[in-house]
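In: one predicted model, sequence on top.
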Amino acid sequence: MAPIPSSAPRPDDEPDSYVGLPAETAEERARRRGWTSVRSLPPGTVITLEYVVGRLNFEVADGQVKRCWAG
């Protein structure tokens with residue numbers, strides 16, 4: 001049986017610290033801090049509840065991060 005790949009640990013970063021930032025600034029900061037995947041979503045977007053280690057999600061309205069969560 002093949003070994004289960006290990007994923008990188010979640011960056012030691014507080015998602016709430018991105019709320020209020022311009023979306024572009026927030027994405028650049030997240031990548032510098034070690035998030036491997038960053039996605040911006042408009043408010044009300046329907047998404048799956050699949051948790052992905054290393055992914056940071058932004059809810060963006062009018063170019064500003066309104067909500068942020070890991071996974």
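Out: Yep, it's here.
In: could you find the closest non-adjacent residue to Glu50?
Out: Gly71 (8.0 Å; CB to CB, 6 or more residues apart in numbering). In short, each C-beta sits where N, CA and C put it, glycine included.
In: now do the strands in the chain.
Out: 37-41, 55-61, 64-70 (DSSP state E).
In: in JSON lines, list those along with mean pLDDT.
Out: Below are the strands of the chain laid out as JSON lines (pLDDT from 0 to 100):
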{"stretch": "strand 37-41", "mean pLDDT": "95"}
{"stretch": "strand 55-61", "mean pLDDT": "97"}
{"stretch": "strand 64-70", "mean pLDDT": "97"}
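In: of these, which is nearest Thr25?
Out: Among the strands of the chain, the nearest to Thr25 by CB to CB is strand 64-70 (8.8 Å).
In: in that closest one, which residues are buried?
Out: Val65, Cys68, Ala70 (16 or more other CB atoms under 10 Å).
In: the first one and Phe58 touch, don't they?
Out: Just to be clear, that refers to Val65. Yes: here Val65 reaches Phe58: they are 4.8 Å apart, a contact under CB atoms under 8 Å.
In: who touches both of these two?
Out: Counting by CB atoms under 8 Å, 6 or more residues apart in numbering, the shared contacts of Val65 and Phe58 are Tyr18, Ala23, Ala26.
In: which pLDDT does the model give Arg10?
Out: Predicted confidence (pLDDT) for Arg10: 81.
In: and if you look at Asp13?
Out: 89.
In: need phi/psi at it.
Out: phi -150, psi 140 (degrees, to the nearest 10).
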